[in-house]
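Peer 1: sequence isn't available, so here's the structure alone:
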């Protein structure tokens, strides 16, 4: 195993799904928000991604059962929106640049097979006094303006590191459309509140009905 | 030489062999236990693995003869069990993630050619006051329960680094069965006692007759 | 995406173009001088280079629009000289030796398709009290002497790191001709004066008419 | 350019040449001794090796002419012995394990084309009070004993790092014969005396007539 590969569990029937990514990162906002979406939409895991750039170890659960670190793909079909969601145990080391590009490219190959052409990537943005803001960056001015009109702030003049940024940038080069949602967080601990703010905003723009009390 | 390769010395006749791995690591438990098994079963070296991710040096023996660092495969046939055993001089650097995955994948390819579908990997687990305990992690709950029933403790909620963990995790993804035995050790020096505890336990579960006095 | 690739925007019509490279580096002399040349000659971007060895992030502009880091190729046709100019956001890490060699090789492949056989690479040379000097290194003694005769000092007994040096060295091995111009700079900040000195000198040797007041 | 390659200048006529390697290293003993041999035998450069794992820079001579770092192969024919000699500007970083293995493998491929099956690699061994000793390690006990009988000490129970060790070890795995000569040196500076001791010893065992006064 000297390159990343997908392991299929089953092939979901999806129509023009939206792809949502949330991996471990700043304040773990992306991973927690995506987990909330997976649970809320009763999504099912249908594929796993393994990579030789993930840590060279196995994770052991409470029963003593091992498995290598991985990304997991979930599928769900809500009334208005079909979804592919990606989360995982880890990300490649930030120093392993080629691994990041390679894995993001393969994820895009994978979702394009499902005729997915819209992406939402989720992360956190470190801010000293966060108040539940959600920031947006996008692949086009129109898309940025649309999402901004629904309540997100434009994330201008910065950079977004790791898969959350790179997936969007490489998607743009392929002609796909997408946005990145960044939850304001101190980033010091796993930030459930920031993740919940992004989750609620995401439900709104995906037009998924949701009743929650904060 | 830009990728790992096996060098065959001879082809042993083996029937459904069990694969046992013990490489240098915590307390050197895995390597010492495997060496004991090699000696006890009068095993013969039949293959060598060389890798460009091993140290860029040669080892010189007392006669002044050089050889590159390597892994060695031994074969033996006891009354009830055929064995392939792997030990070696070194492991790739823990930072060289891809090398670890690549080499483990090639080892699994290699043993599958010998129709081996059961693995035992051996390592050490650092504990402040070890008392000869042997821990087990496995590819399935049934296997973990079986081995636990023979006297090992379940190694739950942790991680196992390096080849000892990764071989098992990648084997599981291929549908192979296996266990990892971890000898409790302070890990400060080469721990012969911990290795001997694992060796004895291993002899029991492999059903190899052994008379020893601790 | 596990290797660098060029993305073409359009195919310019160029006759024996001269290739000019200026990437971020010491005092940013190369990038600023090349930017001046791009603006002065009203050059148009016609290709982009992306690489998995560039930083694993996206850059966001003031409108919130993202793009991956890249090199950009510009083309222009002045009365006497056709030009291909290369600049960019970044360079691979100096530690990533293979990426540097690989990208430089691909750039040379790219310009050879446009029948370009002359190169000018631009950088800075750190000097404690710079006075606008321009230094030259070349692929041949004749070329070094020619450029020296036009006012540059020979850059002797040293080394030139990164793309500015390597492009020239690899070009020489292919039988191409080229020079490297190094602007004297303290290198502490982006040095517009040093860049302007190199720009003026470059205009002279490229025989592009230019009226400027320093 | 993403892998090492040889650039041929001409094809020398050689009969069963002996290969001698001396690259920069401890006390620069290997490089200096090989340079002495090149000069003494009036050897001619006939090939160059370039590698993307060499430093990403160009070297500039006093005339301002650039070239990438490289290894150089020289050929000479003395009355009794034909020789291929390898020296160079640099070695890959000791951390770049794969590059070391890859380049050494390519060098062996290269010399085997010239039907060369005997090697001498040269290095230094750090010793607090060196007295001109030459140590030997070899691919076989017979060869070690032969060379030891001619005045070298057996280098036992150690390791030899970099190309000097690895070339010999990989050569042994191919069935080639060779020795490594290590000159005793403090290793603090370029050690011409240690290199001269190795050179004299080498002349003796290669049966090249040499008259020198130490």
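Peer 2: Thanks, I have it. Being a predicted model, the structure only gives us computed values, none of them experimental. Residues are numbered from 1 along each chain as shown, chains lettered A, B, ... in the order given.

Peer 1: can you name the residues that contact residue A:34?
Peer 2: Residue A:34 makes contact with A:20-22, A:85-87, A:122 under the criterion CB atoms under 8 Å, 6 or more residues apart in numbering or on different chains. Yep, even glycine has a C-beta here, placed from its N, CA and C like the rest.

Peer 1: and with 10 Å instead?
Peer 2: Counting by CB atoms under 10 Å, 6 or more residues apart in numbering or on different chains, residue A:34 makes contact with A:20-23, A:43, A:74, A:85-88, A:120-122, A:195, A:198-199, A:202.

Peer 1: so who does the closest residue in space to residue A:77 that isn't next to it in sequence touch?
Peer 2: Of all residues not flanking residue A:77 in the chain, residue A:14 sits nearest, at 6.9 Å (CB to CB, 6 or more residues apart in numbering or on different chains). The contact partners of residue A:14, by CB under 10 Å, 6+ apart, come to A:46, A:75-77, A:82-84, A:111, A:114-116.

Peer 1: number of nearby residues for residue A:15?
Peer 2: By the measure other CB atoms under 10 Å in any protein chain shown, the count of residues near residue A:15 is 9.

Peer 1: please apply the same query to residue A:41.
Peer 2: Neighbour tally, residue A:41, other CB under 10 Å: 22.

Peer 1: quick one: the strands in chain A, in order.
Peer 2: With DSSP state E, the ranges of strands along chain A come out as A:5-8, A:18-21, A:44-50, A:57-60, A:66-67, A:71-77, A:82-88, A:118-126, A:134-138, A:153-154, A:159-161, A:177-185.

Peer 1: quick one: contacts of the third one?
Peer 2: It refers to strand A:44-50. Strand A:44-50 is contacted from outside by A:1, A:3-12, A:14, A:38, A:67-76, A:84-88, A:103, A:106-107, A:110, A:114, B:101, B:169-170, B:173, using CB under 10 Å, 6+ apart.

Peer 1: got the angle between the longest helix seen in chain A and strand C:44-50?
Peer 2: Determined from DSSP state H, the single longest helix within chain A is helix A:97-113. Angle of helix A:97-113 versus strand C:44-50, following axes from the mean of the first three to the mean of the last three CA atoms, to 10 degrees, is 100 degrees.

Peer 1: buried ones in helix A:97-113?
Peer 2: For helix A:97-113, burial by neighbour count (16 or more other CB atoms under 10 Å in any protein chain shown) applies to A:97-108, A:110-111.

Peer 1: using TSV, please lay out these together with distance to residue B:147 and pLDDT.
Peer 2: Output for the buried residues of helix A:97-113, formatted as TSV (distance: CB to CB, whole Å; pLDDT from 0 to 100):
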residue	distance to residue B:147	pLDDT
A:97	42	92
A:98	40	93
A:99	35	94
A:100	39	95
A:101	42	96
A:102	38	96
A:103	35	97
A:104	40	97
A:105	41	97
A:106	37	97
A:107	37	98
A:108	42	97
A:110	37	97
A:111	41	97
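
Peer 1: so which of the residues you listed also contact chain C?
Peer 2: When contact is defined as CB under 10 Å from any CB of the partner chain, these meet chain C at A:97-106, A:108.

Peer 1: same list, these, but as CSV with distance to residue D:29 please.
Peer 2: Output for those, formatted as CSV (distance: CB to CB, whole Å):
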residue, distance to residue D:29
A:97, 38
A:98, 37
A:99, 40
A:100, 43
A:101, 43
A:102, 42
A:103, 45
A:104, 48
A:105, 47
A:106, 48
A:108, 53
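
Peer 1: most widely separated two among these?
Peer 2: The largest distance within those, taken as CB to CB, falls between A:97 and A:108 and amounts to 17.0 Å.

Peer 1: give me the pLDDT for the residue lying closest to residue A:165 once chain neighbours are set aside.
Peer 2: Nearest residue to residue A:165 in three dimensions, chain neighbours excluded: residue C:58, at 4.0 Å (CB to CB, 6+ apart). Residue C:58 is assigned 97 on the pLDDT scale.

Peer 1: which residues are in contact with residue C:58?
Peer 2: A:121, A:137, A:139, A:158-162, A:164-170, A:172, A:180, C:65-69.

Peer 1: and the longest helix of chain A with strand A:71-77, angle?
Peer 2: Taking the same axes, to 10 degrees, one finds helix A:97-113 and strand A:71-77 inclined to each other by 20 degrees.

Peer 1: to the chain's geometric centre, what's the distance from helix A:97-113?
Peer 2: How far helix A:97-113 lies from its chain's middle: 13 Å, per CA atoms, centre = their mean, to the nearest Å.

Peer 1: then stretch A:140-155?
Peer 2: Between the centre of stretch A:140-155 and the centre of its chain there are 18 Å (CA atoms, centre = their mean).

Peer 1: what's the mean pLDDT across it?
Peer 2: Per-residue pLDDT values over stretch A:140-155 give a mean of 96.

Peer 1: report the buried residues of it.
Peer 2: Across stretch A:140-155, burial judged by 16+ other CB under 10 Å covers A:140, A:143-144, A:147-148, A:152, A:154-155.

Peer 1: so is that stretch next to chain C?
Peer 2: Yes. Legend: contact between stretch A:140-155 and chain C by CB under 10 Å from any CB is shown at A:140-141, A:143-145, A:147-148, A:152-155.

Peer 1: in helices only, show me those residues.
Peer 2: In this view, the residues of stretch A:140-155 next to chain C that belong to helices under DSSP H are A:141, A:143-145, A:147-148.

Peer 1: got CSV for the residues you listed, with distance to residue B:206 too?
Peer 2: Formatted as CSV, these follow (distance: CB to CB, whole Å):
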residue, distance to residue B:206
A:141, 67
A:143, 62
A:144, 63
A:145, 68
A:147, 61
A:148, 66
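
Peer 1: bridging residues for the closest residue in space to residue A:41 that isn't next to it in sequence?
Peer 2: Spatial nearest neighbour of residue A:41, chain neighbours left out: residue A:76 (3.8 Å); criterion: CB to CB, 6+ apart. Here residue A:76 sits in beta bridges with residue A:83, going by DSSP bridges.

Peer 1: and stretch A:163-174, how far from the chain's centre?
Peer 2: Relative to its chain's centre, stretch A:163-174 lies at 12 Å (CA atoms, centre = their mean).

Peer 1: average pLDDT across it?
Peer 2: 96.

Peer 1: quick check: buried residues in that stretch?
Peer 2: Buried, per 16+ other CB under 10 Å, within stretch A:163-174: A:163-173.

Peer 1: what about residue A:175, how many neighbours?
Peer 2: Using other CB under 10 Å, residue A:175 has 8 neighbouring residues.

Peer 1: residue A:139 is in contact with that one, correct?
Peer 2: Yes. Using CB atoms under 10 Å, residue A:175 is in contact with residue A:139, at 9.1 Å.

Peer 1: please name the residues that touch residue A:177.
Peer 2: Neighbours of residue A:177 in contact, by CB under 10 Å, 6+ apart: A:117-119, A:138-140, A:142-143, A:168, A:171.
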